[in-house]
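S.K.: Need a 3D model of the following:
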Amino acid sequence: MSDVAFDFLRVYLKERSGLALGPEKLYLIESRLGPVCRRFGLASLADLCTALRMHRAGVEQAVVEAMTTNETFFFRDRVPFDMFRDVLLPRAITARAGTRRLRIWSAASSSGQEPYSLAMLLREAAPRLAGWHVEIVATDLSTEMLEKAKAGLYSHFEVQRGLPAQLLVKHFTQVGDRWRIDPGLGGMIDFRQLNLLQPFDQLGAFDIVFCRNVLIYFDMATKSDVLHRIAKSLAPDGAVLLGAAETVIGLTDALVPDGGHRGLYRKGVVASPAFQAAPLRAAV
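M.R.: Numbering: from 1, shown residues only. I've put the predicted structure just below:
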């Protein structure tokens, strides 16, 4: 690939998906976009650049989706989900007792394992949420991943990654060599296509936001912008969970660490009493 083609694709991807790609990622572009060239009958990455400049139908989405990392699994890293169950949900039940409404955003939700994990925890807490309106909004840049998430159908390998056996038996039905999640859990989730680089005010306000393992692919300015806008979408006493390798430090003052819980953040104001830290209990 020529330097001209690499520079064009690097800028193109940065503007449309936020991916910050240095020269060391040349191999990644070649390996992921080669199949896109073959799919559209293009002889080279230079021809792919030409197709992008000419806005050829389907090429832009295919390029962006090919370069998107979709690594995910059920209850990934476990601790954030324990924190949701043991800290955030009890806080919310207390703080929202008057309205009995709870809104959760799973940003960059990929093929759906994160929002479905949250839905399973909410189903387990159903007795405490009787009469509540609980909504999970799950967004992703990739339409392909969103379609997979909506289908709720996973391979044996996918359900073995992070999903406790008792939850597999309880919430999934085997269909041939794959597993289908309970449609009732799918009904708790509103899947939407969304680019985090674009405005997301239309989503409304949220009590809890999961935005994990996506900011690591952005440069500092993009991270700062996304975090600032997430803070604006957060309820005054809401909470944000980031990935283990992500932080708000040095990026924004709109969010600050919440208590002693790693990866948990709140708005940069004094938290309401209902949302003071609650102790973690051991995982079930």
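
S.K.: Got the domain ranges for this structure?
M.R.: 3-66, 79-274 (automatic domain parsing).

S.K.: Let me know which of those is tucked in deepest.
M.R.: domain 79-274 (a mean of 18; mean count of other Cβ atoms under 10 Å). (C-beta placed from N, C-alpha, C; glycine too.)

S.K.: that older thread, can you redo the domains of the chain as JSON lines with mean pLDDT?
M.R.: Listed next are the domains of the chain as JSON lines, based on pLDDT from 0 to 100:
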{"stretch": "domain 3-66", "mean pLDDT": "92"}
{"stretch": "domain 79-274", "mean pLDDT": "94"}
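
S.K.: Between the ones you listed, which one is closest to Thr72.
M.R.: Minimum separation from Thr72 across the domains of the chain (Cβ to Cβ) falls at domain 79-274, 4.2 Å.

S.K.: Could I get the domains of the chain in TSV, plus columns for distance to Phe73?
M.R.: Converted to TSV, the domains of the chain look like this (distance: least, Cβ to Cβ, whole Å):
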stretch	distance to Phe73
domain 3-66	19
domain 79-274	4
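
S.K.: My understanding was that Leu42 contacts Met54; is that so?
M.R.: No: taking Cβ atoms under 8 Å as the definition, Leu42 is not a contact partner of Met54, at 11.5 Å.

S.K.: What distance do you get for the spatially most central residue of the chain to Ala205?
M.R.: Closest residue to the average C-alpha location of the chain: Ala108 at 2.6 Å, with Cα atoms, centre = their mean. As judged by Cβ to Cβ, to the nearest Å, Ala108 and Ala205 stand 19 Å apart.

S.K.: same check, this time on Ala5
M.R.: Using Cβ to Cβ, we find Ala5 at a distance of 43 Å from Ala205.

S.K.: The stretch 51-200 of the chain: helices as residue ranges?
M.R.: For the stretch 51-200 of the chain, helices defined by DSSP state H, counting those that start in this stretch occupy the ranges 59-67, 79-83, 89-95, 113-124, 143-151, 156-160, 165-171, 183-186.

S.K.: who's in contact with Ala66?
M.R.: Applying Cβ atoms under 8 Å, 6 or more residues apart in numbering to Ala66 gives the contacts Arg32, Leu33, Pro35, Val36.

S.K.: Now distance to Gly268 too, for those residues, in a markdown table please.
M.R.: Converted to a markdown table, the contacts of Ala66 look like this (distance: Cβ to Cβ, whole Å):
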| residue | distance to Gly268 |
| --- | --- |
| Arg32 | 38 |
| Leu33 | 40 |
| Pro35 | 44 |
| Val36 | 42 |
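
S.K.: So which of those are in helices?
M.R.: By the criterion of DSSP state H, membership of these in helices covers Arg32, Leu33, Pro35, Val36.

S.K.: Which of the residues you listed sits closest to Arg85?
M.R.: Nearest member of these to Arg85, counting by Cβ to Cβ, is Arg32, at 36.1 Å.

S.K.: Out of the contacts of Ala66, the closest to Lys232 would be?
M.R.: Arg32 (33.1 Å).

S.K.: Now that closest one. Nearest residue, chain neighbours left out?
M.R.: Nearest residue to Arg32 in three dimensions, chain neighbours excluded: Ala66, at 4.7 Å (Cβ to Cβ, 6 or more residues apart in numbering).

S.K.: ok, now how distant is that neighbour from Ala43?
M.R.: 17 Å.

S.K.: Help me confirm that Arg229 is found in a helix?
M.R.: Yes: the assignment for Arg229 by DSSP: H, G, I helix; E, B strand; the rest coil puts it in a helix.

S.K.: Give the full set of residues in contact with it.
M.R.: By Cβ under 8 Å, 6+ apart, the contact set of Arg229 is Pro199, Phe200.

S.K.: rerun that using 10 Å as the cut-off
M.R.: Leu196, Leu197, Gln198, Pro199, Phe200, Asp201, Thr252, Ala254 (Cβ atoms under 10 Å, 6 or more residues apart in numbering).
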